[in-house]
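Student: Below are the sequence and a predicted model for it; my questions follow.
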Amino acid sequence: MPATTAQRPKLLYLAKIFKERTDELHPMSVKELIDALAAYDIQAERKSIYTDIKILQDVGLDIVYRRKHPAGHYLASRQFELYELKILVDAVQSLHILPEKKSAELIEKLVSLTSVSQARQLRNEVIIDGSVKALNESVYYNIDRILTAIINNKKISFKYFDYNPQKERVYRKKGEEYKTTPVSLQCKDDNYYLIAYTVKYDGLTNYRVDRMSDVSVSRKAADDFDRERFNIPEHVKRTFGMYNGELTHIKLSFDDSLVNVALDRFGNDVFIVAGTDGRFEVTTDVAVSSVFLGWLFQFGDRARIVSPDSLIKSMLDLIDANEAQYR
């Protein structure tokens, strides 16, 4: 290969070397950089390396020189810091909706964004428990098609299913297609949910993305609806376990020991009234479902429904049903 042709990609390879092989603990000397370029059949002189480093710095690469041992040049900052990648890797690792194979693929893409040594450190901390991963391998494609429909303001169609004890799919509505307007994709309780608008009910419905199959983008335009009336962040906050339920204005009484629990669940802006008997009251709107009642029940006498009466009756019915089951 002529020298002039070989020299053309030198800057690109040098940037690649800095990104893949250097960090604060692993700087490279000019000689090591020259040797690394030689592995790509690129010859370089000591003086030209300094010139090339200056060019890379000018276009935004944060290359610095470390004087103390080990001395040398290294890439000091990246698109993602190591702790940020650690957070992202942990999130992917714990997300049950992703099948084990897809989790591994996505983690590998994330760790490739740092140096080889730091990538090795991240890989060493990855433990994927396949027993709790999703059974539906098409999750990635579902998310991609839903996002495509949202971006292009189109409706989607899909089939929705549950699993039976034999881990076989049992389709709802006898396999009939759901046709709806996708509004948002939300990650909640380690699962991805599609929030969709349905004209028939003039409301929002939540669907587990890993329980969807045969997802396709329709040619039909998405249905118009009042987006200000359907506030997505509020919808997610009011919904327990993303189970749909009737939106109800409620008042709850909690023991003071559950202040952190209440704030974590309802948000820091929830209306709280402190009492003098070691308890406080919370007033908020909640999509009432059995999941919400179960969440409240776990706190025993430290949590109590104050109003409305219909919600108190629902809790009593749940308690009676469970009591009868164990008698």
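Tutor: Right, received. Where do you want to start?

Student: pLDDT-wise, which helix or strand of the protein ranks last?
Tutor: helix 3-7 (a mean of 51; mean pLDDT, DSSP states H and E).

Student: can you give me the mean pLDDT across the following helix or strand past it?
Tutor: Downstream of helix 3-7, the next assigned helix or strand under DSSP states H and E is helix 10-21. For helix 10-21, the mean per-residue pLDDT is 92.

Student: Can you give the distance of helix 10-21 from its chain's centre?
Tutor: 31 Å (C-alpha atoms, centre = their mean, to the nearest Å).

Student: Tell me which residues are up against it.
Tutor: 28, 33, 36-37, 40, 42, 44, 49, 52-53, 55-56, 61, 63, 73-75, 78, 115-116 (C-beta atoms under 8 Å, 6 or more residues apart in numbering). The way it works is simple: take the backbone N, C-alpha and C, and place the C-beta from them, glycine included.

Student: So which of these are in helices?
Tutor: Within these, residues falling in helices by DSSP state H are 33, 36, 37, 49, 52, 53, 55, 56, 116.

Student: what separates residue 56 from residue 323, distance-wise?
Tutor: 71 Å (C-beta to C-beta, to the nearest Å).

Student: hang on, the earlier thing: buried ones among the ones in helices among the contacts of helix 10-21?
Tutor: Among these, those classed as buried by neighbour count (16 or more other C-beta atoms under 10 Å) are 33, 36, 37, 49, 52, 53, 56.

Student: can you list the residues you listed in a markdown table and add pLDDT and distance to residue 86?
Tutor: As requested, those are arranged in a markdown table below (pLDDT from 0 to 100; distance: C-beta to C-beta, whole Å):
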| residue | pLDDT | distance to residue 86 |
| --- | --- | --- |
| 33 | 95 | 28 |
| 36 | 94 | 27 |
| 37 | 94 | 31 |
| 49 | 94 | 32 |
| 52 | 93 | 31 |
| 53 | 94 | 29 |
| 56 | 94 | 26 |
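
Student: of these, closest to residue 269?
Tutor: Checking these against residue 269 with C-beta to C-beta, the nearest one is residue 56 at 46.4 Å.

Student: got a list of what the closest one touches?
Tutor: If you count contacts by C-beta under 8 Å, 6+ apart, then residue 56 has 11, 14, 15, 18, 63 around it.

Student: Kindly indicate which of those residues lies nearest residue 148.
Tutor: Scanning those for proximity to residue 148, where the rule is C-beta to C-beta, the winner is residue 15, at 32.8 Å.

Student: and the ones in helices among the contacts of helix 10-21, which two are the farthest apart?
Tutor: 55 and 116 (23.6 Å).

Student: mind checking the longest helix of this structure?
Tutor: helix 309-326.

Student: Please tell me the pLDDT value assigned to the residue nearest to the spatial centre of the chain.
Tutor: Centre of the chain computed as the mean C-alpha position; nearest residue by C-alpha atoms, centre = their mean is residue 187, 5.4 Å away. Listed pLDDT for residue 187 reads 80.

Student: can you check residue 209 too?
Tutor: 89.

Student: Spit out the contact partners of the nearest residue to it once chain neighbours are set aside.
Tutor: Nearest residue to residue 209, sequence neighbours excluded (C-beta to C-beta, 6 or more residues apart in numbering): residue 192, at 4.2 Å. Residues near residue 192 by C-beta under 8 Å, 6+ apart: 97, 139, 143, 185, 186, 208, 209, 210.

Student: host element of the first one?
Tutor: This means residue 97. Residue 97 belongs to no helix or strand, assigned by DSSP H and E.
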